[in-house]
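>>> Here's a sequence, model it:
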Amino acid sequence: MYRVIIVEDEFIVRYGIRSMIEWDAIGMEVAGEASNGREALELMAAGLPDILITDIKMPVMDGIELIAEVRKLSPDLKILILSNLEDFQYAKEAIRHSVSDYIIKSDMMPRDFEQVLLKLKQGLDEALKPAPVQAGPVQAEPVHKEAILQELLERGAAHGLAAGHDALIQAGLAGVEPLYLLHVVMTGSGIERGYAQGAAAIRSIMAGLWQNSALGYELVPDRQGAVQLIVTAGAGRQPDGPAVPGRLLSLGEQLIQHLSGQYGWTVTIGVSGPIGQWGALKEAYEEAAGAAGMRLFLGTGRVLVHGSGELPAQGGPEATQLQSLQISSLQIQSMVYAFQSRELEAYLEQLFGQLAVRRDAELVQIITLELLMILTTLWPDVSKDAEQVLELKKRYFDELSRLETLEENQLWFLQAFQALVAHMKEMYNSDRNSIIKATQYIQQYYHQEITLQSISRLVHLSKNYFANLFRKEVGESFLEYLTRIRIEKAKTLLTGELKAGDVGSLVGIQDPKYFSKVFKKITGVSPSEYRALARKEQ
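Predicted coordinates:
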């Protein structure tokens, strides 16, 4: 079992990473978590993990500093870095420290993340095998076209062309210039098997569609399973420049139609701006992937072109007022416990409406993770079947990973919360007796120490669920009810000869000053004043 440590300053992201993977099934275990590099180093003082998953930007000690320190401890430890697209400049520095792999947070879906982890596991397994005996001189690893293109797509000219012009010659790319990049995203039954199937399908279709002697194309995957179609022009070819974008739009639409018709896949294609040289391929990839990512707001099954009027810049004037967009988990929980389905639907509609105006894909991921966290926190409160809750969490992550549009996300969360509310209504009818039992216990043992934790445990309900159910059934909180019962008992005792301080102890309130304060707050008079009034009436 390989040990994994997760380092990320946002709890929600750590929670997502920990929950989205079946660690045992892939031969791994999460050995620890840390919110910054310094905490991680303290954690690793007790023993190094086999795999380190770390964010780049963190307080106290960031990921770059952490990786540098870890490399002093172990040059072979597998490191997976998490990065935002806009922070990838920082990731370049981490790569210099022999990072094993990286993944973009906005594309961090369970099956993709698991594939990256399995790749690291394969490397660890290989390291345990005895080295083969070499019979002759070591041969240089051949340069593959796809490997060169992947380097250019992911790391840009500074790294991808480090081997020089010879690498392009060996890869058959010398004398060829890229013109545009099409980012093809395919989802649906069967495509989960990976890039190979999608690439083979595109090659087959392109053989019939592509009949342009002036232009060529290359296919290459990215780490999220999408396929890049790079349109190229060779030496001596003179493509009709102004007409190329129109041809690409038509090509993209035909490609979508064929892939959808033949395989039943949902396909969205993002098109970059013009490129002109291999060194700009990374920027073109980011443009095309960003355009395709707008399917979240504009819908799937279409061609989206970078720089078109349809794709407005993020953070425009409409989004200015949404800078502080946040979720109120307490408000959502209150609506769920009060069975306020209509209010909850209106809340989600308003929330997703703001996200639609903002058009920030990363913000959508953060908000959906927070909503998912609220869901997965509430379910254990109302279900005694831990195994069932665990399976439900896994299903949630799997279903969410397949959603592509904001509208689909909104509908999914509405249905998920409605299912939770329906379950709570069923539980409510069967658990009302537990509240009756709790009130009877309080009336009998009010003089003893009773806490929310102890009384909820007594009736076999979770603390949060019991507290909300108690308020709904009794009309006041557990503490308000307990205090009221104690004060009612105290009023009876104060008609006798006992001292006020002793009366407080007898009804379960040990501090005389606190007893006096609470008594006056509820009755409007102090204990001694109440005694005098009671005697006068007698």
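
>>> ok, now which ones touch K463?
Taking C-beta atoms under 8 Å, 6 or more residues apart in numbering, we find K463 in contact with 452-453, 456. Yep, even glycine has a C-beta here, placed from its N, CA and C like the rest.

>>> if I pick I367, what's in contact with it?
Per C-beta under 8 Å, 6+ apart, neighbours of I367: 325, 327, 351, 355.

>>> follow-up on the earlier one: ok, of the contacts of K463, which come out buried?
Restricting the contacts of K463 to buried positions leaves 452, 456, with burial counted as 16 or more other C-beta atoms under 10 Å.

>>> among the contacts of K463, which are in helices?
452-453, 456 (DSSP state H).

>>> residues near E497, how many?
If you count neighbours by other C-beta atoms under 10 Å, E497 ends up with 8.

>>> How about the secondary structure of it?
With DSSP: H, G, I helix; E, B strand; the rest coil as the basis, E497 sits in coil.

>>> picking up where we left off before, in PyMOL, how would I select the buried members of the contacts of I367?
Paste this into PyMOL to select the buried members of the contacts of I367, with burial taken from 16+ other C-beta under 10 Å:
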select buried, resi 325+351+355
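
>>> can you pull out the strands in the stretch 1-150 of the chain?
2-7, 28-34, 51-55, 78-83, 101-104 (DSSP state E, counting those that start in this stretch).

>>> In a markdown table: those strands, plus mean neighbour count and distance to S477.
A markdown table is the format used below for the strands of the stretch 1-150 of the chain (neighbours: other C-beta atoms under 10 Å; distance: least, C-beta to C-beta, whole Å):
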| stretch | mean neighbour count | distance to S477 |
| --- | --- | --- |
| strand 2-7 | 22 | 37 |
| strand 28-34 | 19 | 34 |
| strand 51-55 | 25 | 40 |
| strand 78-83 | 22 | 41 |
| strand 101-104 | 19 | 45 |
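
>>> Any idea which of those has the lowest pLDDT on average?
If the strands of the stretch 1-150 of the chain are sorted by mean pLDDT, strand 101-104 sits at the bottom with a mean of 68.

>>> thinking again about what came up before, widest-spaced pair of the contacts of I367?
Across the contacts of I367, the two members that end up farthest from each other (C-beta to C-beta) are I327 and L355, 11.0 Å apart.

>>> re earlier: for the strands of the stretch 1-150 of the chain, which one sits closest to L298?
Taking the strands of the stretch 1-150 of the chain one by one with C-beta to C-beta, strand 101-104 is closest: 20.4 Å.

>>> What pLDDT does the model give the most centrally placed residue in the chain?
Nearest residue to the geometric centre of the chain (C-alpha atoms, centre = their mean): L369, 4.5 Å. pLDDT, L369: 82.

>>> Looking at the contacts of I367, which is nearest I269?
L355 (23.5 Å).

>>> Look through this structure and tell me its longest strand.
Longest strand in the chain, counting residues (DSSP state E): strand 176-187.

>>> C-terminal to it, which secondary structure element comes first?
Sequence order places helix 195-209 as the next helix or strand after strand 176-187, per DSSP states H and E.

>>> Output the next helix or strand after that next one as PDB, restricted to C-alpha atoms.
Next along the chain after helix 195-209, taking DSSP H and E as the criterion, comes strand 216-221. Extracted C-alpha coordinates of strand 216-221, given in PDB (Å, rounded to 0.1, in the frame of the first residue of the first chain):
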ATOM      1  CA  GLY A 216      -2.400  19.200 -42.900                       C
ATOM      2  CA  TYR A 217      -3.300  18.300 -39.300                       C
ATOM      3  CA  GLU A 218      -1.800  16.600 -36.200                       C
ATOM      4  CA  LEU A 219      -3.700  14.800 -33.400                       C
ATOM      5  CA  VAL A 220      -2.400  14.800 -29.800                       C
ATOM      6  CA  PRO A 221      -4.100  14.300 -26.400                       C
END
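
>>> Is I435 in contact with N468, as I believe?
No - counting by C-beta atoms under 8 Å, N468 is not a contact partner of I435; they are 10.8 Å apart.

>>> Buried residues, the strand or helix carrying L296. List them.
Using DSSP H and E, the element containing L296 is helix 295-298. Neighbour counts over helix 295-298 (16+ other C-beta under 10 Å) mark 295-297 as buried.

>>> For stretch 52-61, measure first residue to last.
Taking C-alpha to C-alpha, to the nearest Å, the first and last residues of stretch 52-61 lie 15 Å apart.

>>> contacting residues around it?
4-10, 13, 17, 35-41, 62-64, 66-67, 70, 77-84, 87, 90-91, 94.

>>> hang on, E408 in a strand?
No - the assignment for E408, made by three-state DSSP, is helix rather than a strand.

>>> tell me the domain ranges of the chain?
Per the record, the chain has its domains at 2-128, 173-305, 317-428, 430-537, by automatic domain parsing.

>>> so which of those comes closest to K145?
Taking C-beta to C-beta, domain 173-305 is the member of the domains of the chain nearest to K145, at 6.6 Å.

>>> elements contacting the host helix or strand of V357?
Secondary structure assignment for V357, by DSSP H and E: helix 341-358. Applying 3 or more C-beta pairs under 8 Å, 6 or more residues apart in numbering; DSSP states H and E, we find helix 341-358 packed against helix 329-337, helix 361-382, helix 406-445.

>>> can you list the ones you listed in TSV and add distance to L259?
Output for these, formatted as TSV (distance: least, C-beta to C-beta, whole Å):
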stretch	distance to L259
helix 329-337	39
helix 361-382	23
helix 406-445	20
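
>>> ok, back up a step: okay, the strands of the stretch 1-150 of the chain in TSV with distance to G208 next?
Below are those laid out as TSV (distance: least, C-beta to C-beta, whole Å):
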stretch	distance to G208
strand 2-7	46
strand 28-34	44
strand 51-55	43
strand 78-83	39
strand 101-104	33
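
>>> closest to M424 out of these?
When the strands of the stretch 1-150 of the chain are compared by C-beta to C-beta, strand 28-34 sits nearest M424, at 30.8 Å.

>>> picking up where we left off before, measure the nearest residue to the residue nearest to the centre of the chain once chain neighbours are set aside to V525 for me?
Excluding its sequence neighbours, the residue lying closest to L369 (C-beta to C-beta, 6 or more residues apart in numbering) is I12, at 4.9 Å. For I12, the distance to V525 (C-beta to C-beta, to the nearest Å) stands at 50 Å.

>>> again with F397
Going from F397 to V525 by C-beta to C-beta gives 57 Å.

>>> So between the two, which is more surrounded?
Between F397 and V525, counting by other C-beta under 10 Å, F397 is the more crowded of the two (17 against 13).

>>> from what I can see that one touches I21, true?
No - counting by C-beta under 8 Å, F397 does not reach I21; the two are 9.0 Å apart.

>>> give the contact list for the residue nearest to D511 when sequence neighbours are not counted.
Sequence neighbours aside, G504 is the residue nearest to D511 in space, at 7.3 Å (criterion: C-beta to C-beta, 6+ apart). G504 makes contact with 490, 510-512, 514-516, 519, 527, according to C-beta under 8 Å, 6+ apart.
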